[in-house]
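Trainee: here's a sequence, model it:
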Amino acid sequence: MLTESPRELPSDLAFLPATQADLPAILALQRIAYQDEAELYNDWCLPPLQQSLAELQSEWHYSVMIKAVTVGQIVGSVRATCVDGVCRIGRLIVDPAYRRRGIGEQLLAHVEACFSDAASFALFTGHLSVDNIRRYQRAGYAIARHEPVSPAVTLVHLEKTAGV
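Mentor: Modelled structure (predicted):
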């Protein structure tokens, strides 16, 4: 049972590197967190919903994964890699019961801090995910391009110069 107000960060919230033992819980949370996106796009085959544990384990070996934990439970996660000075951020997820408390913004800030030597940051979301787009823009990201991936989905790519 939640004791904090709907907009308050949990008092014991911690941001930690995800371990390999965390991956099943992160994958389960990912599937829950992306239900809203699947419904929004009427597409239950979105890649985050199809990812296997083996794929996530492979990704863990070459990326930085951060988890948000409260009351011993993972309530958010994000992952990123950096190639040629560009930090690519992906799968920023927050448990629906903990949304609108700033956890996503804090996860984004923590993963950016892990790549303090990056020249820029890049991420994407779907065109109908206007709350995500606004959230990223408030964090200093600007729309760089649109990429149609199906008749129903266009990805909105956003970028941010380091230090912004």
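Trainee: what about the strands in this structure?
Mentor: Counting by DSSP state E, one finds strands in the chain at the ranges 14-17, 64-70, 73-83, 86-94, 120-126, 142-148, 154-161.
Trainee: so what does the last one touch, helix or strand wise?
Mentor: Right, strand 154-161. If you count contacts as 3 or more Cβ pairs under 8 Å, 6 or more residues apart in numbering; DSSP states H and E, strand 154-161 packs onto strand 120-126, helix 130-138, strand 142-148. Where you see a C-beta, it was placed from the backbone N, CA and C, and this is true even at glycine.
Trainee: need these in JSON lines with distance to residue 88, mean neighbour count and mean pLDDT, can you?
Mentor: What follows is the helices and strands packed on strand 154-161, written out as JSON lines (distance: least, Cβ to Cβ, whole Å; neighbours: other Cβ atoms under 10 Å; pLDDT from 0 to 100):
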{"stretch": "strand 120-126", "distance to residue 88": "5", "mean neighbour count": "21", "mean pLDDT": "97"}
{"stretch": "helix 130-138", "distance to residue 88": "14", "mean neighbour count": "15", "mean pLDDT": "95"}
{"stretch": "strand 142-148", "distance to residue 88": "12", "mean neighbour count": "12", "mean pLDDT": "97"}
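Trainee: which residues touch the closest residue to residue 18 other than its chain neighbours?
Mentor: Excluding the flanking residues, the one nearest residue 18 by Cβ to Cβ, 6 or more residues apart in numbering is residue 65, at 3.8 Å. By Cβ atoms under 8 Å, 6 or more residues apart in numbering, residue 65 lies in contact with 17, 18, 22, 26, 59, 77, 78, 79.
Trainee: same deal with residue 115?
Mentor: 64, 80, 82, 87, 121.
Trainee: same check, this time on residue 147
Mentor: Neighbours of residue 147 in contact, by Cβ under 8 Å, 6+ apart: 124, 154, 155, 157.
Trainee: neighbours of the last one, how many?
Mentor: The one in question is residue 157. Neighbour count for residue 157, taken as other Cβ atoms under 10 Å: 14.
Trainee: now swap in the second one and tell me
Mentor: Counted with other Cβ under 10 Å, the neighbours of residue 154 add up to 13.
Trainee: roughly how far apart are the closest residue to it other than its chain neighbours and residue 54?
Mentor: Using Cβ to Cβ, 6+ apart and skipping the chain neighbours, the partner closest in space to residue 154 is residue 127 (4.2 Å). The gap separating residue 127 from residue 54 is 30 Å, by Cβ to Cβ, to the nearest Å.
Trainee: since that was my last question, I'll sign off now.
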